[in-house]
Structure formats: C-alpha cells, structure tokens
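*Asks:* build me a model:
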Amino acid sequence: MTVAVVAGGVGAARLLGGLIQVVNPASITAVVNTGDDVELHGLHISPDLDTITYTLAGAVNPETGWGLVGETWQAMDALSRYGGVTWFNLGDRDLGTHLYRTQRLREGVSLTEVTAEIVAGWDLGLRLVPMSDDPVRTMITVVDEGEIGFQDYFVRRHHDVVATDIRFAGASTARPAPHALAALADAERVVIAPSNPLVSIAPVLSVPGLREAVEGRREDCVAVSPIIAGTTVKGPADRLMTELGHDASVVGVARLYAPLASRLVIDEADADLADAVRAEGIDAVVAPTMMYGAPEAAALGRVVLS
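*Replies:* Residues are numbered from 1 along each chain as shown. Now for the predicted structure:
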C-alpha cells in the first residue's frame, strides 16, 4: 500500500515510525511542515524535518523527542560566553545537519533536494518532502506583544503567552514542493498525522494546492487526533485551540478535519465522544493512540491503514 502523510514534528515522527513497521518504507511519502523553519546563526534550521529524520533513524533524544541522543553543547557554551543567541539550543552534532543544509541551499539546490540527501545520509527508506521549497513562516500574534515568529513563541517564550491569531507568511505565493501533489494524488491512503492542527498541519494546507489535494482524497484520508481527553501529549495544541476559539477536544478536531478526512481516529479515553465526532460529519474510529514505543506505534499504523 502506498501512503502519503501530512506531517508535523514529534507526533508525526512517532506515527511514521509505526507505519514503516507495517508497510515498505519506500511506499511512504511524508509531506512535512516547514512553517517552523527558522534562520539562526546564519543557518537554515528545519525542526520538523529533522525531528522526523532523527526519530526514524533511532537517533532522537528520547527525553525531549527532538535533537540527537548523546549530544554535547560546546558550541552553545561558546555562544553564551560571547553573549550570543542561546535560547534555541543546537547540539554540536545537530549543528552538522544545519551546516550541511545551509551550504547546499547556498549552492543553489532546493530544500527538497537537500532533504533527500539528509534522509539518504541516515539510510532511511521513506521519502520526506517539505511542503514547499519556498519560504512560508508561521507567525503568532500574542497579547501585549503583537506578531512574533513561531520559534520565538514556542521555544523562547515556552508557548506561555496568550495567542490571538496565526498567520502563514509567504503562503499565498508559495508553490507545493515537487512530489507533494503527486504523492497526495497517487497514494492509496492519505493520513493526517497526530500533529498540532493549527501550527503543524494548517501550514502545510496553507500552500496553494495542498488543501485541495487532501480534500480531493477525503474518502481515502484518515486523520489521527492529537487531542486525548481534552489535552495533548506534548505541546500547546489544546491551549491554542481554546485561545483561538476552537473546542479543545476530539470534537473540535473533528470540525477542523471533516472537510479533509472521512475518518478520525480517537483514543479510547474519548470513546464517549464518538457520536459527537460523527455528528460533525466524520466517522470516529476508537483505538489506542498513545504511542509509548514501537509496538504501540505499529498498532496505530495498522489502524490507520485498515
């Protein structure tokens, strides 16, 4: 079975880790959010692409869900000595990825091409595709400050400020990356990963043509709710949904995804909301969605493909 996954960071990485246990990795294409990308120290950093890469390579830091296991921090220590920017931690090994990506981009290759090179460097079998080779940046408007970049909101301020709006700068003129539209059109199953609907999935869908491509595959599309019993495993999705006027529950997720997917996988903890989900025009599939490890991720992978 060929599979296309609309993906963010940690939740998507774990689900993809399950899917590659269930089907041939070569049959999987993940269209990955790059609205989180940021330039720091002159380097192009793609957090979601790297989180997925490191996770599938078995090299991710298990305590954080991002970065590399066994990191050292000598470069950050030196920056701190000089009074440089250190609120966005970059480990010494992780810096190698960003140095390579930045070098190749300056040599004129696309983000799609350098992503394929990095994936090959880790000997992964699936295809990771950025949502666009053009810059699209997630901007968050927060109380008393105005608009700030996503990483400023998420990392520097620890997403501990009230958001009032989200904008995807550059989206209106961006083009889908090569292979993204074809992957969504040709896959036997389209999956929306359990990523933040507002700042991980929505940026992908903001690129002209990608929302329409997913909507056109609605009958073959399955979404996995990142909300379990009214909260998230990681990140601010529940609070962001509330702050921006959405219901922070599987019902709220259903309202967002009903035009895109015909089925929403919800956790057993939300089984009592299955009928309310169906009332939003999307079928509810009740299954364990907590991915504690590889067996649980594989089991969830089987659910979304069944």
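*Asks:* pLDDT weak spots in the stretch 101-250 of the chain?
*Replies:* Scanning the stretch 101-250 of the chain for pLDDT under 70 picks out nothing.
*Asks:* at 90 what do you get?
*Replies:* 232-236 (pLDDT under 90).
*Asks:* quick one, helices of it?
*Replies:* Ranges of helices in the stretch 101-250 of the chain, per DSSP state H, counting those that start in this stretch, are 111-121, 150-151, 180-186, 202-206, 210-215, 237-243, 250-257.
*Asks:* need the contact partners of the fourth one.
*Replies:* Applying Cβ atoms under 8 Å, 6 or more residues apart in numbering, the set of residues contacting helix 202-206 from outside is 6-7, 31-36, 131, 136, 138, 166, 168, 171, 174, 210-211, 214, 260. Every C-beta, even on glycine, is put in place using the N, C-alpha and C of the backbone.
*Asks:* just the C-alpha atoms of that helix, please, in CSV.
*Replies:* What follows is helix 202-206, C-alpha atoms only, in CSV (Å, rounded to 0.1, in the frame of the first residue of the first chain):
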residue,chain,number,x,y,z
ALA,A,202,-2.5,24.1,8.8
PRO,A,203,0.8,25.5,7.5
VAL,A,204,1.0,22.6,5.1
LEU,A,205,-2.6,23.1,3.9
SER,A,206,-1.9,26.9,3.5
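*Asks:* could I get the buried residue list for it?
*Replies:* Residues A202, P203, V204, L205, S206 are the ones in helix 202-206 that count as buried (16 or more other Cβ atoms under 10 Å).
*Asks:* got the buried residues for the helix or strand containing A299?
*Replies:* Using DSSP states H and E, A299 falls within helix 294-305. For helix 294-305, the neighbour count (16+ other Cβ under 10 Å) marks A297, A298, A299, L300, G301, V303, V304, L305 as buried.
*Asks:* how about the contacts made by the first one?
*Replies:* Counting by Cβ under 8 Å, 6+ apart, A297 touches R14, L15, G17, G18, Q21, M291.
*Asks:* and what of the second one?
*Replies:* With contacts defined as Cβ under 8 Å, 6+ apart, A298 is in contact with G18, Q21, V22.
*Asks:* mind listing what's buried along stretch 175-193?
*Replies:* In stretch 175-193, counting by 16+ other Cβ under 10 Å, buried: 176-177, 179-181, 183-184, 187, 189-193.
*Asks:* can you redo the residues you listed as CSV with distance to Q74?
*Replies:* CSV is the format used below for these (distance: Cβ to Cβ, whole Å):
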residue, distance to Q74
P176, 39
A177, 34
H179, 38
A180, 37
L181, 43
A183, 39
L184, 42
A187, 43
R189, 44
V190, 43
V191, 39
I192, 39
A193, 34
